[in-house]
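Trainee: I need the structure of the sequence given here:
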Amino acid sequence: MTTPTQVNNVHRFLLLVTAVSYILTMQFPGFGEAATTRFYDFKVEYTTVTKLCQSRSIPTVNGQYPGPTLYGHEGDRIIVKVTNTISYNVTIHWHGIRQHFSCWSDGPAYITQCPIQTGQTYTYEFILYQQKGTLLWHAHISWLRATVHGAIVIYPMPGVPYPFTVPYEEHVLILGEYWNADVEVLEKQILASGGGPPVSDAYTINGHPGPLYNCSTTDAFVLNLKPGETYLLRIINAGLNTENFFGIADHKLTVVAVDGSYTKPFKTRSLIITPGQTTDVLLVADRPVRMYYMSMAAYMPSNIPINNVAALATVKYEGSSNALSMALLPSLPGRNDSNTILKFMGNLRGLSVKDNNLSVPQSIDRNLLFTISLNQEACLTGQTCGAPNNTRFSASVNNITFQRPSLAILQAYYFNINRSYTPDFPDNPPYSFDYTGTPILDVQSNFGTRVSVISFNSNVQLVLQDTSITSKENHPIHLHGFSFYVVGFGLGNYQASSANLNLVDPPLRNTIGVPAGGWAAIRFTANNPGVWFMHC
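Mentor: The predicted structure is shown next:
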């Protein structure tokens, strides 16, 4: 993942893009009518797993790694009781769920709730409002989401078909990162040093690293195929720090949805998926009967240390031999192949604005320009810090580094408590410069808990601009509470006069990878009252 995201792990929630809708009313309407109510019971507990030659206890939900999948239909009410039995505080975020009038159930710690302490419970309740497709849930405090995560599968309303070939089977594929260490301890070490996070010990597909890693020849996920059939793969990136390429040897994938929204189908040999994103693809078992590998590998456009060993899973055609030595390996793009990223982004088109139940804003009430940077702060006298030249990394938006409050911002707003935040996040960076020009070093940021207040029903355009402060990086940015249209992207500095924006059929997403040395423009209507986190 990008370095600012790494810094977000270095200092909790350092990167906050505060598209926060404290909108007009103090009342939060109750839940509407739902088709079916589905109950889930989540127990956050330690589970012993053996990976990479070591056995260790990791935080999980219900003893599963990855965790259980939530299933429902569009319009269903979901109620999840979460009980925390581990020694760390925890919250759960339902990544991509718009939380229509259910902001208290969004889950980010110190934004919409205080954490669930050891031995305590918290019940989340929300409706799958005008949504269908693949999303994910994960812990939303510190690094616990490394192992505390799972899928959300939302089917169309009963009787409503998919807008593509009915698959023979569906499979969830969760891409992740694994450390042979206590991730909470790792995070504390990073916070103490101010440096970047350690490289993961393995990438995983459904919790399995595959045969390229030590002691992992048999620790690989297997996807069984019947020749001639079509399969729907729901691919989720639940990793912490790394964008990933994904592909299957000698097979093309047809992209049909991203982030829970249908797309116009297109074929690709590989796809790019950032942490927090989901991609649904159709796989046709139309190749010779044999064994193949699927693979995930890192994308990193800058000179940042990463794990360069790919995770592999086996794709086994019915009737093929079990000789893994004969399995074909996929050819994925190189670790810094940004051209493939831009091509993939350019191929994404929304299938139907009407189906999304969200119009593309044609006129704008609020224009925002947020620069995303990696600052280097001076190390305190007498300390040794982990960033270059004895400094500390701090990610910033418009040169403001987010400080986590002691009281959840939603609680502070709702009860009119003034000590948690200030409503003065700037609409633009403090000064203009050549954002993606010659790298700038040793730029100090300002620290604060500042939020952007957006009027109800405003049409918002937000331009997310990478900068070369310290280095140019790709930034996966996630907005809670909304899906947004990605109306444009490009390299260099955003120029309104020359930007080619797609206002006809842009893809609808909840997480966008801002190109390294470039920009992305998103639009949404602020029609969901609440306090909403936006972050890398």
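
Trainee: mind listing the helices for this structure?
Mentor: Assigned by DSSP state H, the helices in the chain fall at 3-10, 183-193, 338-347, 353-356, 409-414.

Trainee: ranking these by burial, who's on top?
Mentor: Most buried of the helices of the chain, by mean neighbour count (mean count of other C-beta atoms under 10 Å): helix 3-10, with a mean of 27. Heads up, the C-betas are built off the backbone N, CA and C, glycines and all.

Trainee: hang on, the earlier thing: export the helices of the chain to CSV and append columns for mean pLDDT and distance to N367.
Mentor: Output for the helices of the chain, formatted as CSV (pLDDT from 0 to 100; distance: least, C-beta to C-beta, whole Å):
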stretch, mean pLDDT, distance to N367
helix 3-10, 34, 23
helix 183-193, 92, 35
helix 338-347, 96, 22
helix 353-356, 88, 22
helix 409-414, 94, 24
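
Trainee: I304 is nearest to which of the ones you listed?
Mentor: Among the helices of the chain, the nearest to I304 by C-beta to C-beta is helix 3-10 (5.9 Å).

Trainee: any idea which residue sits dead centre in the protein?
Mentor: G276 (1.6 Å; C-alpha atoms, centre = their mean).

Trainee: what residue ranges in the stretch 151-300 of the chain score low on pLDDT?
Mentor: Along the stretch 151-300 of the chain, no part satisfies pLDDT under 70.

Trainee: Strands along that one, start to end?
Mentor: Per DSSP state E, counting those that start in this stretch, the stretch 151-300 of the chain carries strands over the ranges 169-178, 202-205, 222-225, 230-237, 243-248, 253-258, 261-268, 270-273, 278-284, 291-299.

Trainee: do you know which of these lies nearest H149?
Mentor: Nearest to H149 among these is strand 169-178; the distance by C-beta to C-beta comes to 7.1 Å.

Trainee: now the closest one against strand 278-284, angle please.
Mentor: Calculated by axes from the mean of the first three to the mean of the last three C-alpha atoms, to 10 degrees, strand 169-178 forms an angle of 130 degrees with strand 278-284.

Trainee: Quick check: can you name the pairing partners of strand 169-178 and their directions?
Mentor: Here strand 169-178 is paired, per DSSP bridges, with strand 202-205 (antiparallel), strand 230-237 (parallel).

Trainee: now for those strands, which one comes closest to K188?
Mentor: It is, among the strands paired with strand 169-178 and with distance given as C-beta to C-beta, strand 202-205, at 21.8 Å.

Trainee: how about that closest one: buried residues?
Mentor: A202, Y203, T204, I205 (16 or more other C-beta atoms under 10 Å).

Trainee: ditto for stretch 288-296
Mentor: Buried residues in stretch 288-296 (16+ other C-beta under 10 Å): R290, M291, Y292, Y293, M294, S295, M296.

Trainee: Need the max-distance pair from those.
Mentor: R290 and M296 (21.1 Å).

Trainee: Can you add distance to P211 and give the strands of the stretch 151-300 of the chain back as a markdown table?
Mentor: Formatted as a markdown table, the strands of the stretch 151-300 of the chain follow (distance: least, C-beta to C-beta, whole Å):
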| stretch | distance to P211 |
| --- | --- |
| strand 169-178 | 15 |
| strand 202-205 | 12 |
| strand 222-225 | 12 |
| strand 230-237 | 20 |
| strand 243-248 | 16 |
| strand 253-258 | 22 |
| strand 261-268 | 25 |
| strand 270-273 | 20 |
| strand 278-284 | 21 |
| strand 291-299 | 9 |
